[in-house]
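Participant: Task: produce atomic coordinates for the following.
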Amino acid sequence: MTPDINRTNMKIILLTALLFCFFGNHDEAQNKNKMDVKTFIQEFIAAGNAYDTKRYLDMWQKDAVLEDKSIKQVYKGQEGVKKYFEKYFVKYKTQTRLIKLNVINDHQAHIDVQFTSYNQTGTFDFIFKDGKIASAIADFK
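Facilitator: Numbering: from 1, shown residues only. Coordinates of the predicted model:
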């Protein structure tokens, strides 16, 4: 009888270890894939303030969409985002200051910002996909 109990116990221990490994790694992998939105936004603003077009564009999906409600324009893809960035930020040496960050979840965020060259405030609503901006709605006051 003792050998059967030991085999049963051994099966339970092995099964528990396998389940722990599977679910433990699964949770760890999910956490690794979670986006640190606060850090991302800080880096986004830093890239913009440095007028680093390459770094700025690397933060956007290739097929991203940027809608600027204040000028009623939609910019599609990285080329469209590049035109927007160069026209309104690089050309006018616009510096952006983060006023408020509202992380909705690891796929969405809202920011309130102030622009130095225009002396005005605005907002961005972001949707993220795979650690990059998939879409953004900008609105300036």
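Participant: contacts and neighbour counts: CA atoms only from here.
Facilitator: Noted.
Participant: From the recorded domain assignment, give the ranges for this protein.
Facilitator: Domain assignment for the chain by automatic domain parsing gives 1-33, 37-140.
Participant: May I see the ones you listed organised as JSON lines, with mean pLDDT and mean neighbour count added?
Facilitator: Shown next, in JSON lines, are these (pLDDT from 0 to 100; neighbours: other Cα atoms under 10 Å):
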{"stretch": "domain 1-33", "mean pLDDT": "48", "mean neighbour count": "11"}
{"stretch": "domain 37-140", "mean pLDDT": "96", "mean neighbour count": "17"}
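Participant: residue ranges of the strands in the protein, please?
Facilitator: Assigned by DSSP state E, the chain shows strands spanning 60-68, 73-76, 96-105, 108-115, 120-129, 132-140.
Participant: and these as JSON lines, adding distance to Lys54?
Facilitator: Listed next are the strands of the chain as JSON lines, based on distance: least, Cα to Cα, whole Å:
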{"stretch": "strand 60-68", "distance to Lys54": "10"}
{"stretch": "strand 73-76", "distance to Lys54": "17"}
{"stretch": "strand 96-105", "distance to Lys54": "18"}
{"stretch": "strand 108-115", "distance to Lys54": "21"}
{"stretch": "strand 120-129", "distance to Lys54": "18"}
{"stretch": "strand 132-140", "distance to Lys54": "14"}
